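Student: no FASTA, just this:
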């Protein structure tokens with residue numbers, strides 16, 4: 001038996017997290033996986049996680065722990081402590097482009113979690129190098145995954161400035177920059193449009209809406225969509241933009257690569273480990289409206305470049321297909 005610890009939050013109007021996707025895929029492969037927790041109150045969520053591990057302690061082979069830099073870091077710490085006490089093998093799965101801050105500022109807790117782990121799984125080669133730099137050696141790279149058959153590849157022979165942005169509305173993802181880019185394109189005389197898909201995480205949602213009103217640009221805000229809904233919506237758009245200031249290996253970019261959308265993204269965190277500039281997408285400096293606009297105009301005027309980028313990106317996306325990634329999980333979990 002395996003207990004998988006993480007934030008099950010899609011039922012609370014948030015984007016599904018790794019525990020909800022990877023956990024269910026492992027169950028489909030025949031693993032006996034118990035998922036925890038879907039409690040909305042943070043203290044109750046932690047208690048539920050600890051109780052689930054303790055309740056199944058005599059049957060457990062492994063505990064998987066989604067590990068982020070925010071509140072979930074403390075969940076990982078206390079669950080790790082319990083696993084150490086009960087002598088249960090546990091495996092942190094490393095997420096979040098800002099996890100390095102925890103390695104800097106919470107060294108004692110980080111050492112407890114990561115040095116006592118059976119192995120630390122890094123879906124991002126970027127985070128793997130960060131952890132190695134801080135002296136951690138028990139690391140293994142297993143990439144994030146998508147079920148490629150769910151992402152139909154669309155040939156985009158000619159492009160307009162129809163922009164799609166898919167992310168939770170949070171300050172670290174800098175959603176306001178997408179609106180500034182839309183405004184800048186229109187100032188350049190380009191007929192541009194922008195659709196922003198994702199749930200509200202902090203007040204950046206209201207700030208983005210306010211900015212759109214102030215700049216007098218029409219932005220389509222869909223709120224949270226299911227995977228199927230936003231994949232269907234993507235056929236109406238030409239270019240995928242990513243405006244984040246911090247990142248790891250965002251699944252939304254892998255999904256865009258699979259769908260055949262040329263990508264313009266900020267060059268931060270783990271993104272250059274996923275997308276090689278000029279090969280699978282175009283990477284630009286963070287916080288640079290002008291760089292993003294120039295990259296979008298380059299794509300619109302360079303159909304041959306677009307074809308090279310989307311074909312290379314689709315090929316890269318194939319390496320993240322669950323049919324490939326599942327073999328690594330089966331090997332790790334002795335299945």
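Tutor: Looks like it arrived, so ask away. What you see is a predicted model, and the numbers here were worked out from it, not measured in a lab.

Student: Identify the residue spatially nearest to residue 8, adjacent ones excluded.
Tutor: Sequence neighbours aside, residue 38 is the residue nearest to residue 8 in space, at 3.9 Å (criterion: Cβ to Cβ, 6 or more residues apart in numbering). Every C-beta, even on glycine, is put in place using the N, C-alpha and C of the backbone.

Student: isn't residue 71 right up against residue 42?
Tutor: Yes - the criterion here is Cβ atoms under 8 Å, and residue 71 meets it with residue 42 at 6.0 Å.

Student: that older thread, measure the residue nearest to residue 8 to residue 201 for me?
Tutor: Distance of residue 38 to residue 201, computed by Cβ to Cβ, to the nearest Å: 18 Å.

Student: quick one: the spatially most central residue of the chain and residue 64, what's the gap?
Tutor: Most central in the chain under Cα atoms, centre = their mean is residue 250, positioned 3.0 Å from the mean C-alpha point. Distance, residue 250 to residue 64, using Cβ to Cβ: 20 Å.

Student: Residue 50 too?
Tutor: 15 Å.

Student: With neighbour numbers in mind, choose between these two.
Tutor: Legend: neighbour count by other Cβ atoms under 10 Å for residue 50 and residue 64, higher for residue 64 (24 against 18).

Student: and the more buried one, what element?
Tutor: Using DSSP states H and E, residue 64 sits in strand 62-67.

Student: residue ranges of the strands in this structure, please?
Tutor: 2-5, 33-36, 62-67, 90-94, 120-122, 139-141, 161-166, 192-197, 219-223, 239-242, 263-266, 282-284 (DSSP state E).

Student: just those: most buried one?
Tutor: Comparing the strands of the chain by mean neighbour count (mean count of other Cβ atoms under 10 Å), strand 2-5 ranks first with a mean of 27.

Student: circling back to that earlier point, mean pLDDT added to the strands of the chain, as TSV?
Tutor: Output for those, formatted as TSV (pLDDT from 0 to 100):
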stretch	mean pLDDT
strand 2-5	98
strand 33-36	97
strand 62-67	98
strand 90-94	97
strand 120-122	97
strand 139-141	97
strand 161-166	98
strand 192-197	98
strand 219-223	97
strand 239-242	98
strand 263-266	98
strand 282-284	98
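
Student: Could you save those as JSON lines and add columns showing distance to residue 301?
Tutor: Output for these, formatted as JSON lines (distance: least, Cβ to Cβ, whole Å):
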{"stretch": "strand 2-5", "distance to residue 301": "47"}
{"stretch": "strand 33-36", "distance to residue 301": "48"}
{"stretch": "strand 62-67", "distance to residue 301": "42"}
{"stretch": "strand 90-94", "distance to residue 301": "40"}
{"stretch": "strand 120-122", "distance to residue 301": "38"}
{"stretch": "strand 139-141", "distance to residue 301": "37"}
{"stretch": "strand 161-166", "distance to residue 301": "11"}
{"stretch": "strand 192-197", "distance to residue 301": "14"}
{"stretch": "strand 219-223", "distance to residue 301": "24"}
{"stretch": "strand 239-242", "distance to residue 301": "13"}
{"stretch": "strand 263-266", "distance to residue 301": "14"}
{"stretch": "strand 282-284", "distance to residue 301": "13"}
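
Student: Which of those strands sits closest to residue 312?
Tutor: Closest approach to residue 312 among the strands of the chain is made by strand 263-266 (10.8 Å; Cβ to Cβ).

Student: Paired strands for that closest one, with orientation please.
Tutor: Applying DSSP bridges, strand 263-266 is found paired with strand 239-242 (parallel), strand 282-284 (parallel).

Student: Distance to residue 79 added to these, as a markdown table?
Tutor: Conversion of the strands paired with strand 263-266 to a markdown table gives the following (distance: least, Cβ to Cβ, whole Å):
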| stretch | distance to residue 79 |
| --- | --- |
| strand 239-242 | 31 |
| strand 282-284 | 36 |
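
Student: Neighbours of residue 19, how many?
Tutor: 24.

Student: end-to-end on stretch 9-17?
Tutor: From its first residue to its last, stretch 9-17 covers 7 Å (Cα to Cα, to the nearest Å).

Student: residues making contact with that stretch?
Tutor: Applying Cβ atoms under 8 Å, 6 or more residues apart in numbering, the contact partners of stretch 9-17 are 6-8, 20, 38, 40, 66, 168, 198-199, 201, 224, 227.

Student: same check, this time on stretch 31-46
Tutor: 1-9, 11-12, 19-20, 23, 26-27, 47-49, 52, 56, 71, 74-75, 78, 333, 335.

Student: Ok, stretch 92-106 next?
Tutor: Stretch 92-106 is contacted from outside by 18, 22, 64-70, 73, 76, 80, 109-110, 113-114, 117, 120-124, 126-127, 130-131, 134, 172, 244, 246-248, 268-270, using Cβ under 8 Å, 6+ apart.

Student: Likewise for stretch 207-223?
Tutor: Residues contacting stretch 207-223 (Cβ under 8 Å, 6+ apart): 169, 175-176, 178-180, 182-183, 186, 193-200, 230, 233.
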